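In: below are the sequence and a predicted model; questions follow.
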Amino acid sequence: MPGPLLETLKGANLATRPVWLMRQAGRYLPEYRALRADKGGFLELVYDSEAAAEITLQPIRRFGFDGAILFSDILIVPHAMGQNLQFLAGEGPHLSPRLLDAALDTLVAVPERLLAIYDTVARVRGALGPETTLLGFAGSPWTVATYMVAGEGSRDQHETRALAYRDPAAFQAIIDAIVEVTIDYLSGQVAAGAEGLQLFDSWAGTLAPAEFERWVIAPNARIVAAMKERHPEIPVIGFPKGAGEKLPAYARETGVDAVGIDETIDPLWAAANLPEGLPVQGNLDPLLLLAGGDMLETRACAVLDAFADRPHVFNLGHGIGQFTPIAHVERLLDVVRNWKR
């Protein structure tokens, strides 16, 4: 019997909404901070399958979320494609050589870097009960490409956007390479035990409409089609952060089974404009969860009410912040679990 999250992603409109939170395994949890202090840096944790599995399970033990999401990072794909990856304190991730300075075909793939991730998935699936859905994930090609090209994150991805305009054929080759690795990577996660998948497109909101069609919708559609061919029973959630009014086209044209919406989207607008019956995930502002207070309950109920007539997975509009009080998460879960359609 599938858990409520998996049922919802497959189209069931349940009276009580399943809930999980993006970045639910992380620095706001004292047990995570203790393990990280013992084990070392972020990347070391990702590649330590025993530690990564433990981190994935920590929020399930504490809160009983309906979904567990793999503890890993979207930049594991470029690392497996041959770029060097470092997480520097206070600076975030750095990839080298950046593809502004080096040709794609100079990278030497290291596919064995994916094996530890599959081991983590298998360990977590073995530890979870059937009521908890295990989600694997990958970064969507546009977002991954922004890091590969520039070597690091940026506010508006101007270097990558400029390259895509200046040399669309070269940039298409980068996107195509990411798509192929991502398809195999997600398939490996499914083979190891993932029951659903999420595609994170964190920087989708910086693209003009035509570029959004080419660099966000088209490559995600290829990934989803491949997943449907290889694993037709596995639902795929697409999360194009910042898509705004382009969200309905993304939902229709990518073929995703569910669409995640960020906190900038009016849930009533989303409910009215997204394809009828499509499961939706989201979209409470993470800063509201940090702030707490009566508005937390009011806004959470507003999200729940907006999506009452379609399948809905309650979640945040982006990742939970590291300074979010545990008590605020507990209050939110109480609201969601006591709401009835």
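Out: That came through fine.

In: got the CA positions of the helix or strand where residue 61 lies in PDB?
Out: Assigned by DSSP states H and E, residue 61 falls within helix 49-63. Taking Å, rounded to 0.1, in the frame of the first residue of the first chain, the C-alpha atoms of helix 49-63 are listed here in PDB:
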ATOM      1  CA  SER A  49      26.600   6.800   2.500                       C
ATOM      2  CA  GLU A  50      26.100   5.800   6.100                       C
ATOM      3  CA  ALA A  51      26.100   9.400   7.300                       C
ATOM      4  CA  ALA A  52      24.000  10.700   4.400                       C
ATOM      5  CA  ALA A  53      21.400   8.000   5.100                       C
ATOM      6  CA  GLU A  54      21.300   9.000   8.700                       C
ATOM      7  CA  ILE A  55      20.800  12.600   7.800                       C
ATOM      8  CA  THR A  56      18.000  11.700   5.400                       C
ATOM      9  CA  LEU A  57      16.300   9.800   8.200                       C
ATOM     10  CA  GLN A  58      16.700  12.400  11.000                       C
ATOM     11  CA  PRO A  59      13.700  14.600  10.100                       C
ATOM     12  CA  ILE A  60      11.500  11.500   9.600                       C
ATOM     13  CA  ARG A  61      12.300  10.300  13.100                       C
ATOM     14  CA  ARG A  62      11.700  13.700  14.600                       C
ATOM     15  CA  PHE A  63       8.600  14.800  12.700                       C
END
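
In: which helices and strands does it pack with?
Out: Packed against helix 49-63 by the contact rule (3 or more CB pairs under 8 Å, 6 or more residues apart in numbering; DSSP states H and E) you find helix 30-39, helix 42-47, strand 67-69, helix 115-127, helix 326-338. For every residue, glycine as well, the C-beta is placed using N, CA and C.

In: mind running it again at 6 Å?
Out: helix 30-39, helix 42-47, helix 115-127 (3 or more CB pairs under 6 Å, 6 or more residues apart in numbering; DSSP states H and E).

In: just so I know, which of these lies nearest residue 12?
Out: helix 115-127 (21.7 Å; CB to CB).

In: list the contacts of that closest one.
Out: For helix 115-127, the surrounding residues in contact (CB atoms under 6 Å, 6 or more residues apart in numbering) are 47, 49, 52-53, 56-57, 72, 134, 188-189, 192-194.

In: check the offset of the helix holding residue 61 from the chain's centre.
Out: Here helix 49-63 is found 17 Å from its chain centre; the criterion is CA atoms, centre = their mean, to the nearest Å.

In: between that helix and helix 30-39, how many degrees?
Out: Taking axes from the mean of the first three to the mean of the last three CA atoms, to 10 degrees, one finds helix 49-63 and helix 30-39 inclined to each other by 160 degrees.

In: buried stuff in helix 49-63?
Out: Residues of helix 49-63 classed as buried under the neighbour-count rule (16 or more other CB atoms under 10 Å) are 49, 51-60, 63.

In: same question, stretch 167-177
Out: By neighbour count, and taking 16+ other CB under 10 Å as the criterion, the buried residues in stretch 167-177 are 171, 174-175, 177.

In: among the residues you listed, which are in helices?
Out: The subset of the buried residues of stretch 167-177 located in helices under the criterion DSSP state H comprises 171, 174-175, 177.

In: state the mean pLDDT of the host helix or strand of residue 225.
Out: In this assignment (DSSP H and E), residue 225 forms part of helix 218-230. Helix 218-230 shows an average pLDDT of 98 in the prediction.

In: buried sites along it?
Out: Within helix 218-230, the residues that count as buried by 16+ other CB under 10 Å are 218-224, 226-227.

In: can you lay out those residues as a markdown table showing distance to residue 130?
Out: Formatted as a markdown table, the entries for the buried residues of helix 218-230 read as follows, by distance: CB to CB, whole Å:
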| residue | distance to residue 130 |
| --- | --- |
| 218 | 36 |
| 219 | 33 |
| 220 | 29 |
| 221 | 31 |
| 222 | 32 |
| 223 | 27 |
| 224 | 26 |
| 226 | 27 |
| 227 | 22 |
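
In: sorry, back to before: check the helices and strands packed on helix 49-63 for me and report the most buried one.
Out: Per-residue neighbour counts averaged over each of the helices and strands packed on helix 49-63 give the maximum for helix 115-127, namely a mean of 19 (mean count of other CB atoms under 10 Å).

In: quick one: distance of it to the chain centre.
Out: Averaging C-alpha positions (CA atoms, centre = their mean) puts helix 115-127 18 Å from its chain's average.

In: so after it, what's the next helix or strand?
Out: Going down the chain from helix 115-127, the next helix or strand is strand 133-139, by DSSP H and E.

In: residues contacting that next one, please?
Out: Applying CB under 6 Å, 6+ apart, the contact partners of strand 133-139 are 3, 5-6, 67-70, 74, 124-125, 128, 182, 185-186, 189, 194-198, 200.

In: go through the host helix or strand of residue 289 and flag the buried ones.
Out: When elements are defined using DSSP H and E, residue 289 is found to belong to helix 286-291. Applying a neighbour-count criterion of 16+ other CB under 10 Å, one finds 286, 288-290 buried in helix 286-291.

In: now the helices for the stretch 151-300 of the chain?
Out: For the stretch 151-300 of the chain, applying DSSP state H, counting those that start in this stretch gives helices covering 158-166, 168-192, 209-212, 218-230, 247-254, 267-273, 286-291, 294-306.
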